[in-house]
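1. Below are the sequence and a predicted model; questions follow.
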Amino acid sequence: MMRNTMEIDAILIELNKSIDAHYKWLVNMFRCAVSSNATKPDIMGDNAHFVCQFGQWLNNQSLRNEDDCSYVNKINTVHEKMHLSGKDLLSAILEERSYPWHFTKFEDALLAFTSAVMDYKIYLLSIRSNIDILTGLPGRRMLDESFDQQLIDAEPLNLYILLLDIDRFKHVNDTYGHLVGDVVLRALAANFLAWTRYDEQAYRYGGEEFIIIIRTKTDEQARQAGLRLCQLVGQQKIPYADGEIAITVTAGITRAQRDEKLDTALGRADRAMYQGKQSGRNRCMFMDEREQITLVNASDGLSFHLSA
């Protein structure tokens, strides 16, 4: 599950605070050395890296994916080493047994910590730059860049692309204005975030089009996931300043094949969706690997064949 902009911003603030806090910690080390005071728990304690505020924040982090784990685990490791080497250096100074290597070890630990924090910040900023400003969903570029790896990581499950397009969205803009149209897009994006499950990820693909990546075992499970989301859209009116707007979507869904490029799989989903638009809108269409399009029936989940 990907982080949203608010979560990313909150983490970036904490990372910035961590650097500031450890500058102050370094100054306190100098004060301890000058005053021969070795009683501060965030410097001389056995678990000094847990005592400091940043250490407590790190310990409570909710990790969303392997990349997050990799960055945070690295910060954890170098953060602990920095505190330990600082304690060793201060002890050596106070006991008048310091050597140049004590200082070198501490300097290396400081640099490793700031480098690890900076690497995580760069990673988070790269994610944030690929998030759609209007809706807060990851955008087309993020899907383009991550699709090949997502297809590999989905195994042993299958990966499906659900392409959804708001029906008659031009009418919404023409009737209510583009500002209300933006309200509709933001609300629908928020709804997708609330409605998608653990193995589903929503993207804004452009205009009034959204994509949901679905990881599941069978075509039937994927069809039902697409149907569920389409039905939820139709059931949930969107409030705006002067009332509520009811919208529907037409969707096309297909299974991505091994080593297939996004554009190829997306082309099938788009053709399935186009068939849905041509045959009445407000429906979910499925295209299989033989490029046969079926309508997923909204009443009982059965599929009926349509010509492609």
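-> Perfect, thanks for sending it.

2. and the host helix or strand of D119, what does it pack onto?
-> In this assignment (DSSP states H and E), D119 forms part of helix 100-129. For helix 100-129, the helices and strands in contact under the criterion 3 or more Cβ pairs under 8 Å, 6 or more residues apart in numbering; DSSP states H and E are helix 5-35, helix 66-94. In short, each C-beta sits where N, CA and C put it, glycine included.

3. what is the orientation angle of the next helix-or-strand element following it with helix 100-129?
-> Past helix 100-129, further along toward the C-terminus, the next helix or strand under DSSP H and E is helix 140-153. Between the axes of helix 140-153 and helix 100-129, defined by axes from the mean of the first three to the mean of the last three Cα atoms, to 10 degrees, the angle is 110 degrees.

4. Give me the residues contacting helix 140-153.
-> Contacts with helix 140-153, where a contact means Cβ atoms under 8 Å, 6 or more residues apart in numbering, come from 127, 130-131, 159, 203-206, 211, 213, 256, 258-262.

5. which of the helices and strands packed on helix 100-129 sits most buried?
-> helix 66-94 (a mean of 18; mean count of other Cβ atoms under 10 Å).

6. Pull out the buried positions in the helix holding D119.
-> Going by neighbour count (16 or more other Cβ atoms under 10 Å), the buried part of helix 100-129 is 102, 105-106, 109-110, 112-113, 116-117, 120-121, 124, 127-128.

7. Please state the offset of that helix from the chain centre?
-> Its chain's C-alpha centre lies 23 Å from the corresponding centre of helix 100-129 when counted by Cα atoms, centre = their mean, to the nearest Å.

8. For A256, which residues are in contact?
-> Contacts of A256 (Cβ under 8 Å, 6+ apart): 151, 158-161, 262, 265.

9. That one and A269, how far apart?
-> 9 Å (Cβ to Cβ, to the nearest Å).

10. where along the stretch 151-300 of the chain do the helices fall?
-> In the stretch 151-300 of the chain, the helices defined using DSSP state H, counting those that start in this stretch lie at 169-176, 178-195, 219-235, 262-278.

11. who wins for proximity to R290 among these?
-> Distances from R290 to each of the helices of the stretch 151-300 of the chain were compared by Cβ to Cβ, and the smallest falls on helix 262-278, at 10.6 Å.

12. Report the inter-axis angle for that closest one versus helix 140-153.
-> Between helix 262-278 and helix 140-153, the angle formed by their directions is 110 degrees, by the same axes, to 10 degrees.

13. Show me what the mean pLDDT comes to for helix 262-278.
-> Confidence over helix 262-278, taken as the mean pLDDT, stands at 96.

14. got it, and stretch 283-301?
-> 84.

15. Tell me the buried residues in it?
-> The neighbour-count check on stretch 283-301 (16+ other Cβ under 10 Å) flags 283-287, 293-296 as buried.

16. if we take those residues, which one ends up nearest to W195?
-> The nearest one, if we look at the buried residues of stretch 283-301 relative to W195 and count by Cβ to Cβ, is C284, at 14.1 Å.

17. Please tell me I have it right and the closest one contacts T254.
-> No - under the criterion of Cβ atoms under 8 Å, C284 is not in contact with T254, lying 11.6 Å apart.

18. helices and strands of this structure: which one bottoms out on pLDDT?
-> For the chain, the helix or strand with the lowest mean confidence is strand 303-306, at a mean of 48 (criterion: mean pLDDT, DSSP states H and E).

19. quick one: low-confidence ranges for the stretch 101-250 of the chain?
-> Across the stretch 101-250 of the chain, not a single residue meets the criterion (pLDDT under 70).

20. re the thing from before, format the helices of the stretch 151-300 of the chain as JSON lines; extra columns: mean neighbour count and distance to H22.
-> Below are the helices of the stretch 151-300 of the chain laid out as JSON lines (neighbours: other Cβ atoms under 10 Å; distance: least, Cβ to Cβ, whole Å):
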{"stretch": "helix 169-176", "mean neighbour count": "14", "distance to H22": "50"}
{"stretch": "helix 178-195", "mean neighbour count": "17", "distance to H22": "35"}
{"stretch": "helix 219-235", "mean neighbour count": "19", "distance to H22": "45"}
{"stretch": "helix 262-278", "mean neighbour count": "19", "distance to H22": "42"}
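
21. can you put the ones you listed in JSON lines and add distance to V78?
-> As requested, the helices of the stretch 151-300 of the chain are arranged in JSON lines below (distance: least, Cβ to Cβ, whole Å):
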{"stretch": "helix 169-176", "distance to V78": "49"}
{"stretch": "helix 178-195", "distance to V78": "34"}
{"stretch": "helix 219-235", "distance to V78": "41"}
{"stretch": "helix 262-278", "distance to V78": "36"}
